[in-house]
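Enquirer: the sequence and its predicted three-dimensional model are supplied below.
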Amino acid sequence: MPELPEVETIKRGLLRLIVGKKIKKIEVENAGSFLCLDAKFSREIIGHEVVGVRRRAKVLIIDFVGGLSLVFHLKMTGQIIFRSGGGSLRNDGILVDEKGFAGGHPTKSMERELPDKSTRVWFDFGDGKLFFNDERKFGWVRLMKTAAIGEIAFMKKLGPDFNAEDLRFEIFVERILRHGKSKIKNALLDQTTVAGLGNIYVDETLNMARVNPLRLVSDLSSSELLAIFSSARKILARSIELNGSSWRNYRDASGERGSYLDEALVYARAGQACRFCGAIIEKIKVNGRGTSFCPKCQA
């Protein structure tokens with residue numbers, strides 16, 4: 001699932017690519033993926049200029065002149081792909097587009113001609129097209145009034161972003177202690193506590209902080225909570241610096257692959273040596289989520 005660093009990377013890429021452009025046409029391939037009042041309302045955005053791209057937790061927002069916005073939630077398998085229209089197809093079927101961009105859940109769709117069977121809705125800017133792909137159809141795009149975004153039910157419940165400059169340790173402690181009887185991994189995954197951490201970065205955070213994912217929040221000391229808070233912010237900053245995570249096809253807006261997993265501490269490293277102590281990384285289930293940790297460092 002694309003997490004905060006991946007969505008932040010998409011945001012930064014699109015800021016360079018689509019601000020100032022105007023939508024010429026919208027093509028909806030799957031009605032359930034495009035949430036809008038009605039067809040007439042969807043036409044209101046045609047001809048409107050993009051004035052900004054922003055992120056809230058794992059949600060991407062594209063703002064237009066006239067007080068309209070497109071809100072994207074990638075969920076588990078969502079992708080956002082921009083094609084400049086100037087690409088060429090190689091013999092192996094890979095589309096080479098120097099000004100193109102792909103972000104989100106990594107699949108071969110990122111490097112092939114679009115639309116394809118995973119495309120749910122796309123937007124024609126005249127000199128480029130923005131595609132929203134989603135294999136499992138859990139994600140969505142919503143066209144709405146910009147002023148109403150904060151009224152979306154799940155947005156109203158979101159905690160502060162983990163990498164927000166004004167998020168203080170005291171605020172984090174107050175919010176995490178509301179989940180005193182929960183395992184720390186579950187509490188960190190709860191987006192109403194503090195938003196932005198998903199499965200990858202929770203595992204990474206807890207390993208850096210030397211905290212076992214099965215520990216109860218109420219059993220953690222103040223120094224352990226500080227270690228978690230500091231580690232989460234360091235992990236997120238580093239992942240954003242490396243353009244997020246991907247095993248294969250994730251690319252940022254400069255054509256570079258996300259490379260955080262090249263230096264991941266524990267995620268996807270079960271059976272390998274811990275980078276800190278050399279013990280073998282183990283993988284367990286915590287409330288159904290695959291969880292990687294070091295049995296020695298996080299004893």
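Expert: That came through fine.

Enquirer: going forward, measure contacts and count neighbours with C-alpha atoms only.
Expert: Noted.

Enquirer: where's Gly67 relative to Asp134, distance?
Expert: 27 Å (CA to CA, to the nearest Å).

Enquirer: neighbour count winner among these two?
Expert: Shown here are Gly67 and Asp134; by other CA atoms under 10 Å, Asp134 has more neighbours (25 against 13).

Enquirer: run through the helices of this protein in chain order.
Expert: 4-17, 39-43, 153-157, 169-176, 184-189, 199-209, 222-241 (DSSP state H).

Enquirer: closest one to Glu27 among the ones you listed?
Expert: Glu27 sits nearest to helix 39-43 of all the helices of the chain, at 10.6 Å, using CA to CA.

Enquirer: now do that closest one: everything it contacts.
Expert: Contacts to helix 39-43, defined as CA atoms under 8 Å, 6 or more residues apart in numbering, come from residues Cys36, Leu143.

Enquirer: mind listing what's buried along that helix?
Expert: Ser42 (16 or more other CA atoms under 10 Å).

Enquirer: okay, domains of this structure per the record?
Expert: Per the record, the chain has its domains at 4-157, 169-293, by automatic domain parsing.

Enquirer: any chance of the ones you listed in a markdown table, plus distance to Asn163 and mean pLDDT?
Expert: Putting these into a markdown table (distance: least, CA to CA, whole Å; pLDDT from 0 to 100) gives the following:
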| stretch | distance to Asn163 | mean pLDDT |
| --- | --- | --- |
| domain 4-157 | 9 | 90 |
| domain 169-293 | 6 | 90 |
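
Enquirer: any chance of those domains in JSON lines, plus distance to Ala299?
Expert: Shown next, in JSON lines, are the domains of the chain (distance: least, CA to CA, whole Å):
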{"stretch": "domain 4-157", "distance to Ala299": "28"}
{"stretch": "domain 169-293", "distance to Ala299": "6"}
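
Enquirer: what's the neighbour count on the residue lying closest to Ile240 once chain neighbours are set aside?
Expert: If the residues on either side of it in the chain are set aside, Ile240 comes closest to Pro5, at 4.8 Å by CA to CA, 6 or more residues apart in numbering. For Pro5, the count of nearby residues is 28 (other CA under 10 Å).
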